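A.B. asks: My questions are about this predicted structure, shown below with the sequence.
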Amino acid sequence: MIDVTFWLNETSLNAWMVTRFWSIPIIQCIHIAAIAASFSSILMINARMFGFAGSGTMLETSRRYLKVLWWSLLVLVLSGSLMIVAEPIRELINPFFWIKMGLLLFAVLFTVAFSRGILLRIGPNDELGAGGKASVLLLIVLWILIMFCGRWIAYAPV
């Protein structure tokens with residue numbers, strides 16, 4: 001990983017981004033907006049699952065906000081990749097980065113499994129059972145941990 005890190009640090013894209021003082025803050029703003037969109041989507045789906053929001057069915061709410069979630073995750077991958085190229089040493093040698101990536105992988109896989117099985121979990125009256133509600137809470141905790149680790153990337157000693 002060290003070799004890849006130093007190679008990225010020598011690329012022309014890295015040089016271009018580092019010499020344009022505005023590029024990294026703009027990419028970070030886009031990344032933060034995508035984080036807000038993805039977490040808001042998760043919260044809206046979860047609020048509906050607990051009966052706190054929306055008048056649509058569980059399926060309608062999930063379809064609506066899962067689209068936002070998947071598109072925002074695409075933006076996160078693209079903006080995150082650019083941030084890695086811009087500051088590879090800060091990112092790739094950082095333990096919080098790798099913890100974040102592991103949590104993110106788990107959260108995405110969990111979200112896929114959860115969204116595919118949502119029809120099976122919904123009972124009469126459009127309600128989730130105890131297992132479904134526990135899954136919803138786990139998803140919120142995962143996203144909070146991902147955001148926490150992302151923030152701590154800037155402060156971990158590298």
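C.D. replies: It's in.
A.B. asks: Phi, psi for F21 please.
C.D. replies: When read as degrees, to the nearest 10, the backbone of F21 gives phi -60, psi -30.
A.B. asks: Please pull out the lowest mean pLDDT helix or strand from this protein.
C.D. replies: One helix or strand of the chain scores below all others by mean pLDDT, DSSP states H and E: helix 118-121, with a mean of 60.
A.B. asks: What mean pLDDT does the helix or strand just after that one get?
C.D. replies: The helix or strand immediately downstream of helix 118-121 is helix 130-152, counting by DSSP states H and E. Averaging pLDDT along helix 130-152 gives 89.
A.B. asks: which residues sit against helix 130-152?
C.D. replies: 35, 38-39, 42-43, 45-46, 49-50, 96-97, 99-100, 103-104, 106-107, 110-111, 114, 121-122, 128 (CB atoms under 8 Å, 6 or more residues apart in numbering). Using the backbone N, CA and C atoms, a C-beta is placed for each residue, glycine as well.
A.B. asks: Need the single longest helix in the protein, by residues.
C.D. replies: Ordering each helix of the chain by length in residues (DSSP state H) puts helix 58-86 first.
A.B. asks: In that helix, which residues are buried?
C.D. replies: Using 16 or more other CB atoms under 10 Å as the test for burial, helix 58-86 gives 58, 61-62, 65-66, 68-69, 72-73, 75-76, 79-80, 82-86.
A.B. asks: could you say what helices and strands it packs with?
C.D. replies: Contacts defined by 3 or more CB pairs under 8 Å, 6 or more residues apart in numbering; DSSP states H and E place helix 58-86 against helix 12-19, helix 23-49, helix 88-92, helix 95-116, helix 118-121.
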